[in-house]
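Engineer: For reference, the sequence and a predicted model appear below.
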Amino acid sequence: MATGPDEEVDSMIALPHTLPTALRKTRTAAEYVHRSAAGPLAREHAVEILRTAAAYELHPAPAAAPLLLADLLTAVAECAGPAWLKANADDPDIARFTALVDQTQDETAEPPTITDLDELLAAVLWTRHGPAEPDTT
């Protein structure tokens, strides 16, 4: 029985709920974007984040980690959108994220801990694609 693209994505999205993951917050945010984004492009970017997060978490070779980190950061940046990142550069999390993206160009730079990375990537995704805050005025 052939599976369609939605079935393939749904099985990927179910993975974090059944297996422990170091990037749980990032995966949760990407899953939300995949389910809730208005446009198909954002949903496609969310799937790419899930794929690159899995590769980053599971790859045993430390030598590949900088390339995998760059792929993951690129996926998050594309999901957020370069124009949006630039327009929100005054937000501390967005500023930290763009600095990390720039830092990956330096091969000698120390990558963040997986916990810090997870917090930062999730913050970018929630800030960009999270539910709107209710208007209290």
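Structural biologist: That came through, no problem. Numbering: from 1, shown residues only.

Engineer: And the contacts of stretch 110-127?
Structural biologist: Under the criterion Cβ atoms under 8 Å, 6 or more residues apart in numbering, residues 22-26, 28-30, 32-33, 49, 57, 65-66, 69, 72-73, 76, 79-80, 88, 91, 93-94, 96-97, 100 lie in contact with stretch 110-127. Any C-beta I mention is one placed from the backbone N, CA and C, and that applies to glycine too.

Engineer: Among those residues, name the ones in helices.
Structural biologist: Counted as lying in helices by DSSP state H, out of the contacts of stretch 110-127, are 24-26, 28-30, 32-33, 49, 57, 65-66, 69, 72-73, 76, 79-80, 93-94, 96-97, 100.

Engineer: ChimeraX command for the buried members of those?
Structural biologist: Command for ChimeraX that selects the buried part of the ones in helices among the contacts of stretch 110-127, burial taken from 16 or more other Cβ atoms under 10 Å:
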select :25,26,28,29,30,32,33,49,57,69,72,73,76,79,80,93,94,96,97,100
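
Engineer: other SSEs contacting whichever helix or strand Ala55 is part of?
Structural biologist: Using DSSP states H and E, Ala55 falls within helix 40-58. Counting by 3 or more Cβ pairs under 8 Å, 6 or more residues apart in numbering; DSSP states H and E, the packing neighbours recorded for helix 40-58 are helix 5-18, helix 24-36, helix 65-80, helix 114-129.

Engineer: Let's see that with 7 Å instead.
Structural biologist: Here helix 40-58 touches helix 5-18, helix 24-36, helix 65-80, going by 3 or more Cβ pairs under 7 Å, 6 or more residues apart in numbering; DSSP states H and E.

Engineer: how about that helix: buried residues?
Structural biologist: Result for helix 40-58 [16+ other Cβ under 10 Å]: buried residues 42-43, 45-54, 56-57.
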